[in-house]
Each structure stands twice: as C-alpha cells, then as structure tokens.
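Peer 1: predicted model follows, preceded by the sequence.
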Amino acid sequence: MSEPVLQVEDLQVEFNTDHGVVRAVRNVSFDLAPGETLGIVGESGSGKSVTNLAIMGLLPKPPARIEGGKAIFQGRDLLQLNRKQLSKIRGNRVAMIFQDPMTALNPFLTVEEQMTEVTRLHLNHSRKQARHYAIDMLERVGIAAADRRIDEYPHQFSGGMRQRVMIAMALSCKPDVLIADEPSTALDVTIQAQILELMRDLQREQGTSIIMITHDMGVVATICHRVLVMYAGRIIEQASCEDLFATPHHPYTQGLLRSVPRWDGDGSTELYAIDGQPPDLTNLPPGCAFNPRCRHTESRCQTEHQQLAQLGDDRKVACWKHDAIDAEEKSHG
Amino acid sequence: MGDPLVRLSVRDLQVHFPMGGGFMGGEKRTVRAVDGVSFDLMAGETYGLVGESGCGKSTTARAILGLEKPTSGEIWLGENRIDQLSSRRMQPFRRDLQMIFQDPFASLNPRMTVSDIVSEPMIVHRLYTPKQRRIEVAKLMDLVGLNPKFLNRYPHEFSGGQRQRIGIARALAVMPKVLVCDESVSALDVSIQAQIINLLMKLQKELDLTYLFIAHDLAVVRHISTRVGVMYLGRIVETAESQELYNNPKHPYTQALLSAAPVPDPSSEAQRKRIILTGEVPSPDRVYPGCPFADRCPIVEDGCRTSPPPLEGNGHRAACFKVES
C-alpha cells in the first residue's frame, strides 16, 4: 500500500453526560490509502460518526473530550491544530458531507453564496470566477440548468438535489479526503443509486479518498474497498470488502450480516437476530462489550478485553475465539 | 362485501389535499396524494406497500385508519364500510384496526408508565375489570418479549427496540384483527430490526393477525409480505405475490427500484446491472393524462402519455401498456 493520506492512531473520545462518562471512541486506529473508499459501519452509538467528527475538529467541547490519539494528515496532527490552522484544511483538503442536506445548508443563503464561500476563501477566486466555477461543479454533479438554479435557495431543491449541492460544495477544492456521513440514508433508493454512482465517478476523476460512514451493508457492498466494523466505540473487525462479506470473523459482524433481510434470498425463513439490546455506553460490561449478546461467549470474554489482532494482510479481528467460531460456522454450513 | 376472508378492502381510494390560495395566497392547486388505490387484505396475510417518499403509501394508511378524509372511494372493514364514519361512530371499529407507528420515541407518552400505556386502549374500549387488565397487560408484555417487571417504568428507560415492543403490545391490547404497520421497523438498527420482524411474524401466526405493512425498504417488505403492491405517485403500479414480484418484476418502475437497491454482497453487486432513473419523482400536484411514470420511463412511447394504463385482472398485474399480463 502506498503512503496513507490519513493516519488515525489510538483515538479516544469521551463525553461527560448526566448519566456519567460515555466512552464513545476507544483505541481507534486506521489508515486511509489514496483513492480508496473506506467504509465504517456500525449501529447507532457505535462511535462511527464521533470518530470522524473528532478528526474534523467538529466535536463540541465540552461535553466532548479527546482523551488521546493522533490524526496525521500531510505530516500534521489534526487534533493539535488550532481553529485557524484547521480552517485552512477543513473544506479545502478534507471535506465532509452529512446525512441531512437540509440542516447542513443555510436556508437564508442562495446556493451561489454557499458554494462560492469555500472557493473564494481557499482558492482565492474572484466573485465572478467563483460563480463560474460553482456552476461548473453543479453541472458535474448532474444539476440541470445550473446557471439558473445557482441563484435559488436550498428549499427550492429536492432532497436528492440538495445532497448533490453538498457534494459539489465538498468537492469544490478537490479535497484529498472526503468524509461522507450517511450521505444517502435520507434519500430514496433510486436517488441513493444516483448519488453513490456520482461519488464513484468523482472519485475516479479526482482520486479522492473517501471515508464512508454508514449502517447499510448494501451501501458498503456497493461502494467500499475496505471496511471497519465498530461496536461500542471500538473497531472489532477490519477487512477488505470482499473478505468481510465472504468470511466475517467476529460474531457481531456475522450476526449483522445475517440479520439483514435480502430481497434476492428465499425470504421464507426466520431472520437471524442478534439477541439482547444495544450496549449502554455509560455502563459497558467488563471484557468484550459484545459478550452479553454473543452466542459464543465464555467466562474469559466477560473479564478480558481482546485487542484488535492482526490476522493477515490488512485483516484484523477483536475476538480471541474467532478460530473456533469459524470452524463451528463452517460445520453448520 | 361478499368474501368473508377479506378483512379489509380498499376500493378506488383517492385522497387529495388542497394547497395554496386562502390567507397565504399562492396559486390554488390540488395535491393528489392517493389517486385511485384498490386492494384487498385477506385474513392472515401480509400485504406490503412499497414506494419512495411521496408515493402516497402513508396517506393510504392514514385514510384507512380514519386519520385523513378520503376524497372518494370506499374502505370496508369486513362487512362494514368505514370511510364515511364520524370519529365517534368509527370508535368501535378501531378495536379491530390498530396501528404500529414508525417512531418508537415519539409515539409513546413520556409521562405514562408502560403499564398505563398498554392498558389505555383497554380502558377506552371498556374491556376487562381493573384486576383482569393487570393480568392481560402482564400477558401482553410476555407475548412481545418484555420482562413484566418493567411495567412501572417510563418509556425513556427503554431502548428503541424495546419501545417498539411496547408499541406492539399497546396495539395488541384490544385484540385487533388488522394491524397497520407504517414503517414500523425503519427507525431501528439492523440487529434490532430483525428481532422486531421476527416478533411480528410470530405474533401473526399465534394471533391470526392480518397486516398492512408499509415500508420503503424493499428487502424488509419482501421478507415479511405475502403479497406486495408497488406505489408510484399515488397509484399502485404493480402488484403480485411477493416472491413473484421480486423475481419477475414487470413494470419498468419496479424494475428500476429493485435494481437500485443495494444488495449486501459485493460479488453480486459487481455483476448487477443498474437501471439508473434520471430525474426525480414529479410533483403530485399536476394532473397526468397518461402514465404517471412516463417522464422517467426508459421504455416510454407516445401512447403512454394520452391515457393512464389500467391495473386490471387477477394475480400478477402491472399498470403498463408495454407489459403483457
């Protein structure tokens, strides 16, 4: 693998809440290679969004606290930069798109005003240059009559169109890294397919590295090259997309993949369901956080926490029983 | 309505909303949210309605429950026509027709205990003595997989999946025949969603329930439904047995919808051919003389724009001139 664009090392994030300290992100480390799409999957509260908000310096502090770790981008630790230094990188070299484009766009400003803000700041465009550039970007993301629509306000755009505006804005400065937090979750499937296709095309053209945060295994299978699976603030499995779907090692990943109903399957049988409830982050069990819901749990799982262990080239899992579990899964067919 | 196996029958339902005009000004227009929907719900089956936002699936559900006034059409609950009833006269029929909502956070009163929430419908419908009610509530808790010792807790003490179980217990409290589930599992995480889908299917068997299951997630609808109707712009454009519809979609919209849905399998993803539709769902405040899908249809012909294609016959039906049924 070539030199990574972004290296996250041992990131720790905590929140002070009324119910105690929430350890939202624990010991998260990963590399992002140039031109790749890295998926981060997990359910609500798994820490997938907080990880990326921390990298972008977008966590409200307090209540959030970064307890440790580094996020190395172009030789500098993003977590140590002050606001001014960070604003030179944010929106320029590292950009982000969010789930809900309506709340991420300012309803009082026209699309032009919002789109030209970044290019005038980072690329020193004149007003006229910036407008031309913005129209060009809007056309590239598939907005028809862009020279007219650029003067409209966000409410005049549909959900899919707003997400296109967000993407056009995020890619305006040709960032090295694009962090996409559930960019297609709020959209209908036919629009989702358009947006994912668009992201793939733009990545091919510009070589942008993408971090794709999602809970949807279908989206992961469609667009990601590598995947991190998070549970209760930790990475519990890391693999290439093909390997993860073909041979998931962690019992949580296995359960997650099996509990997704599929419309191309036979659909008649009972769905596999992971027992129990999602973890209470203020009151995590000792040992493996997944052990109360795990079908393979043993006494050791309840006391010892298994670190993410290397299994092969770019394949990691945080379960010391995975060999035995794999064998068992195989014998079940 | 003749057939005793038909639990619920919707006949040419239309729900139109007037927009604009009046105090706020603006051009007067009509949003045709539901524009001629018909289906029968047979005893013990699950009829799934799928479609994208704005296709009218939720408005259909709300009209059935008497929460929206139909502009025209008929709704029959067994032998009784219910679409013209006043709220008071609708009341006894609500016992047979209950709803499970989408958002388990907004649909439970935060100031009521679980016990109060689940027993309230029994009180409204004057069922049981107070003592018997407590027994029934405990039974319901057990039935939906909640520990009866939680009875005196408040909704905020539960996770999303557990709250949805409370909502299901409340819907079942009056022993309904038909349950309308509007996006009832959409807000849940995948692992919890599977638990609730399994619970709904188990309850259906045990209690002989009939479901109208509305969702945008094609795979979920496929899994739970006996038959499926695909809605577009206020109309059902295709309907068939669930397996048949997914294996052999006929309407170009259904084909595009199925091809757009991502499948959690990278090897089959790489081979799939996507039909990427251009444009977006058009505004429902226009009147379409022809097929409502004509503007986005990859196989549109001139004739499609002059008169609307009918949804006729039995079994697998598609409202498209270019499909032989």
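Peer 2: Yes, it's here. Residues are numbered from 1 along each chain as shown, chains lettered A, B, ... in the order given.
Peer 1: now do the SS call for the residue of chain B found nearest chain A.
Peer 2: The nearest approach of chain B to chain A comes at B:P262, 3.1 Å away (Cβ to the nearest Cβ). Any C-beta I mention is one placed from the backbone N, CA and C, and that applies to glycine too. Here B:P262 is coil, with the state taken from DSSP: H, G, I helix; E, B strand; the rest coil.
Peer 1: could you do A:D326 as well?
Peer 2: Note that with three-state DSSP, the state of A:D326 is helix.
Peer 1: residues near it, how many?
Peer 2: Per other Cβ atoms under 10 Å in any protein chain shown, the neighbour tally for A:D326 reads 15.
Peer 1: list, one by one, the residues from the stretch 51-200 of chain B near chain A.
Peer 2: B:52-53, B:159-162, B:189-195, B:197-198 (Cβ under 8 Å from any Cβ of the partner chain).
Peer 1: ok, of those residues, which come out buried?
Peer 2: Among these, those classed as buried by 16 or more other Cβ atoms under 10 Å in any protein chain shown are B:52, B:159-162, B:189-195, B:197-198.
Peer 1: let me have these in CSV, extended by secondary structure and pLDDT.
Peer 2: Conversion of those to CSV gives the following (DSSP: H, G, I helix; E, B strand; the rest coil; pLDDT from 0 to 100):
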residue, secondary structure, pLDDT
B:E52, coil, 85
B:S159, coil, 83
B:G160, helix, 84
B:G161, helix, 86
B:Q162, helix, 89
B:D189, coil, 85
B:V190, helix, 86
B:S191, helix, 84
B:I192, helix, 87
B:Q193, helix, 89
B:A194, helix, 90
B:Q195, helix, 89
B:I197, helix, 92
B:N198, helix, 91
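Peer 1: and the residues you listed, which two are furthest apart?
Peer 2: Every pair in these was compared (Cβ to Cβ); the two farthest apart turn out to be B:E52 and B:Q162, at 29.8 Å.
Peer 1: how about B:P292: what's its closest non-neighbour residue?
Peer 2: In space, and not counting its chain neighbours, B:P292 is closest to B:L233: 4.0 Å by Cβ to Cβ, 6 or more residues apart in numbering or on different chains.
Peer 1: gap between the nearest residue to B:E45 once chain neighbours are set aside and B:Q195?
Peer 2: Once flanking residues are discounted, B:E45 sits nearest to B:T226: 4.1 Å by Cβ to Cβ, 6+ apart. Applying Cβ to Cβ, to the nearest Å, the value for B:T226 to B:Q195 is 21 Å.
Peer 1: likewise for B:F105?
Peer 2: Remark: distance between B:F105 and B:Q195 (Cβ to Cβ) = 17 Å.
Peer 1: ditto for A:I167
Peer 2: Applying Cβ to Cβ, the value for A:I167 to B:Q195 is 35 Å.
Peer 1: and for B:G290?
Peer 2: Remark: distance between B:G290 and B:Q195 (Cβ to Cβ) = 45 Å.
Peer 1: with B:T71 instead?
Peer 2: In terms of Cβ to Cβ, B:T71 sits 39 Å off from B:Q195.
Peer 1: quick one, strands of the stretch 101-250 of chain A?
Peer 2: Under the criterion DSSP state E, counting those that start in this stretch, the stretch 101-250 of chain A contains strands at A:177-181, A:209-214, A:226-231, A:234-240.
Peer 1: count of neighbours near A:P278?
Peer 2: For A:P278, using other Cβ under 10 Å, the count is 20.
Peer 1: swap in B:A256?
Peer 2: B:A256: 21 neighbours (other Cβ under 10 Å).
Peer 1: mind checking how far it is from A:A232?
Peer 2: Counting by Cβ to Cβ, the gap from B:A256 to A:A232 is 39 Å.
Peer 1: likewise for A:Q277?
Peer 2: Noted for A:Q277: a distance of 12 Å to A:A232, by Cβ to Cβ.
Peer 1: when these two are compared, which one has more neighbours?
Peer 2: A:A232 (23 against 16).
Peer 1: what's the closest residue to the more buried one other than its chain neighbours sitting at in phi/psi?
Peer 2: Leaving aside its sequence neighbours, A:A232 sits nearest to A:A289 (Cβ to Cβ, 6+ apart; 3.7 Å). According to degrees, to the nearest 10, the main-chain angles of A:A289 amount to phi -60, psi -20.
Peer 1: about what we covered before: wouldn't the residue nearest to B:P292 be in contact with B:R286 here?
Peer 2: No. B:L233 is beyond contact range of B:R286, at 9.4 Å (criterion: Cβ atoms under 8 Å).
Peer 1: anything in stretch A:305-324 near chain B?
Peer 2: No. On the criterion Cβ under 8 Å from any Cβ, stretch A:305-324 is out of touch with chain B, staying 15.3 Å away.
Peer 1: by mean pLDDT, point me to the weakest helix or strand of chain B.
Peer 2: The weakest-scoring helix or strand in chain B, judged by mean pLDDT, DSSP states H and E, is helix B:266-271 (a mean of 79).
Peer 1: what does that helix contact?
Peer 2: A:221-222, A:241-242, A:245-246, A:264, B:262-263 (Cβ atoms under 8 Å, 6 or more residues apart in numbering or on different chains).
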